[in-house]
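with the sequence up front, the predicted model follows.
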Number of protein chains: 2
Amino acid sequence: MQASDPGSAVSTTQTSLEVLETLCELDGARVTTVADRLDVAKSTAHKHLRTLEECGYLRKEGNRYHIGLRFLHFGEYARRRWPGFECIQNAVSSLTEETEEEVDFVAEDHGRILTIVESYHKWVKYTGGRDESQYRARIGTYYYMHATATGKAILAAYPTGRVEETVDRWGLPAKTDRTITDREALFEELSAIRADGYAVDDEEYTDGLRSVGKAVRAPDGSVLGALSVSGPTYRIDGAVLEREIPAALDRAVEELESEIAERGAY
Amino acid sequence: MQASDPGSAVSTTQTSLEVLETLCELDGARVTTVADRLDVAKSTAHKHLRTLEECGYLRKEGNRYHIGLRFLHFGEYARRRWPGFECIQNAVSSLTEETEEEVDFVAEDHGRILTIVESYHKWVKYTGGRDESQYRARIGTYYYMHATATGKAILAAYPTGRVEETVDRWGLPAKTDRTITDREALFEELSAIRADGYAVDDEEYTDGLRSVGKAVRAPDGSVLGALSVSGPTYRIDGAVLEREIPAALDRAVEELESEIAERGAY
DNA sequence: TTAAAAGTTTGGCTATATCGAACGGGAATC
DNA sequence: GATTCCCGTTCGATATAGCCAAACTTTTAA
């Protein structure tokens, strides 16, 4: 949200957006709850909710308002028009087959990353265990860049200034006790990643979960996002962690990049 | 959009929403284009675009603005919290295996329907043909209810008043020359559907495509959405159309409904 | 180099978003 | 079953801020 320069922005629109964010965070809410949380008059909250509902963006269940499916339309649209989307889907799917682990493609959005394409090997799907599913990346979920393999891989491909901006905006909050929370340490990590060609998240976002990530570039050299392979620490270890997955990632990214270049699909 | 009762709604928010809709329709646009289309001053369009961009909801590429990935967050959230979502996924997936055709689950949203879960049999996926993919339902795409099997199945489960409302709001636009465009004819069709227990879309939305759809109900009797099986007219024909698919749908819906009831997952 | 068109900024006017209070309905309490 | 409380909704007044038009700047095209 943050209204960087007051006066330059439409504050009413900001309020409406804050209403939406509140509904998402609280998993639906009533007029009074929204009013209290945003510190606006009850009537104001009511009017915003009513407007959004009448325009088809919210669902009203009794007197609780919920985020509507209309956003799925925008969201899927944005997802599908991502440069190289179809190639990315193929790349993610074949890398899953190869590694038999979860594979994600993430994109940067305003200083954070979010998963655009995900895939996990079949047997993982059918375990149906709650413990597996809580690890799994979900499409549309935002992550901090400094605490994920993909995020660090992307940061490592950015000029220093842009990294600074990102850290200034989002800070370096700790997700586990292994998260990098120090600016210096982050920059050292980033140059190590540039040297290695890939990034590792060693339980820096979720305990028990390791990921290996690598940035994907468009033909013009700009960063499209990053590809990653993730799994529990007991499987992602030793030679798998240090040689197999990085090698598979290298091949996958190279192939993806050349496919995108060929098809001009971006 | 439509501002039913002026004064009761926040018009500034409506303008912002119209900006978003314009960007989605035009696949990105510039300040002047948006201003012309919405018939507002250039500075107004600019301010809205800037606000949405600064809040992280739009991406600015050069001087074109695009719908941002932020909406994917809301969209996926809304999708996943749909009553019985996990059960629906399983139902769709196993019905695809059984019928070897495309299966969709759609939900109603403000008088139209949109696909929430889709699945298609593997070999269809790998043909990769453009002609197949243009038929395919896409998550987040809206359809008119009167012109689809799922939509008609849902309408048939609604009281007459609600059907009237829907038709009043969205009309009966023709998508092909087989689309029902007459109010009387629609009501006759709906009572036939109630008698049969399922609905058929015989090239009423897309030429060459037939679908069979059936409404899915929550334990309390309310309509959750509808399940459908779709395919090209040369495959969805004869006994397949009249007996096999309806029977498979019946079983699938019954199983889905009882699973939802059991798990209380709604 | 010039001209035209688009993006951005500014300031004034007026519409309108906001607030607070009052109304009305529904549920829980006694 | 009456009362009380809480919440959603409506209403009116005020001041805010969204809107427009015009000026200014930058970019693109000629």
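Arrived safely.

find the nearest non-adjacent residue to whichever residue of the stretch 51-200 of chain A sits closest to DNA strand D, please.
Proximity to DNA strand D, evaluated over the stretch 51-200 of chain A using C-beta to the nearest atom of the strand, is greatest for A:N63 at 3.9 Å. In this view, the C-beta of every residue, glycine as well, is placed from N, C-alpha and C. Excluding its sequence neighbours, the residue lying closest to A:N63 (C-beta to C-beta, 6 or more residues apart in numbering or on different chains) is A:R30, at 5.4 Å.

now the one you found: how far from A:C24?
From A:R30 over to A:C24 the distance is 15 Å, taken as C-beta to C-beta, to the nearest Å.

same question, A:E101
Applying C-beta to C-beta, the value for A:E101 to A:C24 is 30 Å.

can you check A:F71 too?
As judged by C-beta to C-beta, A:F71 and A:C24 stand 9 Å apart.

same deal with A:E164?
With distances taken as C-beta to C-beta, A:E164 is found 29 Å from A:C24.

higher neighbour count, those two?
More neighbours surround A:C24 than the other of A:E164 and A:C24, with 18 against 13 (other C-beta atoms under 10 Å in any protein chain shown).

quick one, what contacts the more buried one?
A:C24 is in contact with A:67, B:73-74, B:77, counting by C-beta atoms under 8 Å, 6 or more residues apart in numbering or on different chains.

columns pLDDT and distance to B:S211 on top of those residues, output as TSV?
Listed next are these as TSV, based on pLDDT from 0 to 100; distance: C-beta to C-beta, whole Å:
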residue	pLDDT	distance to B:S211
A:I67	97	28
B:H73	96	31
B:F74	97	28
B:Y77	96	28
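
narrow those residues to those in strands?
Secondary structure from DSSP state E places A:I67 of the contacts of A:C24 in strands.

and which of the contacts of A:C24 is nearest to DNA strand C?
Nearest to DNA strand C among the contacts of A:C24: A:I67, at 19.2 Å, using C-beta to the nearest atom of the strand.

leaving out sequence neighbours, find the closest residue to that closest one.
Nearest to A:I67 is B:A78, by C-beta to C-beta, 6+ apart, at 4.8 Å.

could you identify the longest helix within chain A?
For chain A, the longest helix by residue count, based on DSSP state H, is helix A:245-263.

flag every buried residue along it.
A:245-246, A:248-249, A:252-253, A:256-257, A:259-261 (16 or more other C-beta atoms under 10 Å in any protein chain shown).

before we move on, the earlier item: could you measure from the residue of the stretch 51-200 of chain A closest to DNA strand D over to A:T32?
Shown here: A:N63 relative to A:T32, a distance of 9 Å by C-beta to C-beta.

phi first, then psi, for A:P159.
With angles defined as degrees, to the nearest 10, A:P159 sits at phi -70, psi 160.

count of neighbours near the residue nearest to A:I67?
If you count neighbours by other C-beta under 10 Å, B:A78 ends up with 26.

could you look up the SS state of A:S230?
Assigned state for A:S230: strand (three-state reduction, DSSP: H, G, I helix; E, B strand; the rest coil).

in chain A, which helix or strand is least confident?
When each helix and strand of chain A is scored by mean pLDDT, DSSP states H and E, helix A:130-135 comes last, with a mean of 44.

could you point out which element follows it?
strand A:142-144 (DSSP states H and E).

contacting residues around A:M145?
Residues near A:M145 by C-beta under 8 Å, 6+ apart: A:108, A:111-113, A:151-152, A:154-155, A:166, A:170.

chain neighbours aside, what residue packs nearest to it?
What sits nearest to A:M145 in space, not counting adjacent residues and going by C-beta to C-beta, 6+ apart, is A:G151, at 3.1 Å.

and if you look at A:V253?
Residue nearest to A:V253 in three dimensions, not counting chain neighbours: A:K214, with 5.1 Å by C-beta to C-beta, 6+ apart.

which helix or strand contains the one you found?
Using DSSP H and E, A:K214 sits within strand A:209-217.

so which strand or helix has whichever residue of the stretch 101-250 of chain A sits closest to DNA strand D?
With C-beta to the nearest atom of the strand as the measure, A:D220 is the residue of the stretch 101-250 of chain A nearest to DNA strand D, at 15.8 Å. Assessed by DSSP H and E, A:D220 sits outside every helix and strand.

now do the phi/psi pair for it.
Per degrees, to the nearest 10, the backbone of A:D220 is at phi -80, psi 0.

separation between it and chain B?
Taking C-beta to the nearest C-beta, to the nearest Å as the measure, A:D220 falls 12 Å from chain B.

that residue: neighbour count?
Using other C-beta under 10 Å, the number of residues around A:D220 comes to 7.

how about the one 10 residues further on?
Under the neighbour criterion other C-beta under 10 Å, A:S230 is assigned a count of 27.

A:S94 too?
The number of residues packed near A:S94 is 17, by other C-beta under 10 Å.

before we move on, what about the one 3 residues further on?
A:E97: 11 surrounding residues under other C-beta under 10 Å.

so who does A:I236 touch?
A:101, A:210-212, A:229-230, A:245.

same thing but 6 Å
A:R210 (C-beta atoms under 6 Å, 6 or more residues apart in numbering or on different chains).

who does A:E61 bridge with?
Under DSSP bridges, the beta-bridge partners of A:E61 are A:R64.

now do it, the pLDDT please.
Reading off the confidence values, A:E61 has pLDDT 92.

count the residues that sit near it.
A:E61 has 9 neighbours, counted by other C-beta under 10 Å.

against A:R30, how distant is it?
10 Å.

and if you look at A:V19?
Distance, A:V19 to A:R30, using C-beta to C-beta: 12 Å.

which one's more surrounded, these two?
Each of A:V19 and A:R30 has its neighbours counted (other C-beta under 10 Å); A:V19 has more, 26 against 16.

pull out the buried positions in the helix or strand harbouring the more buried one.
Using DSSP H and E, A:V19 falls within helix A:11-26. Neighbour counts over helix A:11-26 (16+ other C-beta under 10 Å) mark A:12-24 as buried.

just send those back as a markdown table, with pLDDT and distance to A:D177 too.
Conversion of the buried residues of helix A:11-26 to a markdown table gives the following (pLDDT from 0 to 100; distance: C-beta to C-beta, whole Å):
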| residue | pLDDT | distance to A:D177 |
| --- | --- | --- |
| A:T12 | 95 | 43 |
| A:T13 | 96 | 40 |
| A:Q14 | 95 | 36 |
| A:T15 | 96 | 38 |
| A:S16 | 96 | 39 |
| A:L17 | 97 | 34 |
| A:E18 | 97 | 33 |
| A:V19 | 97 | 36 |
| A:L20 | 97 | 34 |
| A:E21 | 97 | 29 |
| A:T22 | 97 | 31 |
| A:L23 | 97 | 33 |
| A:C24 | 96 | 28 |
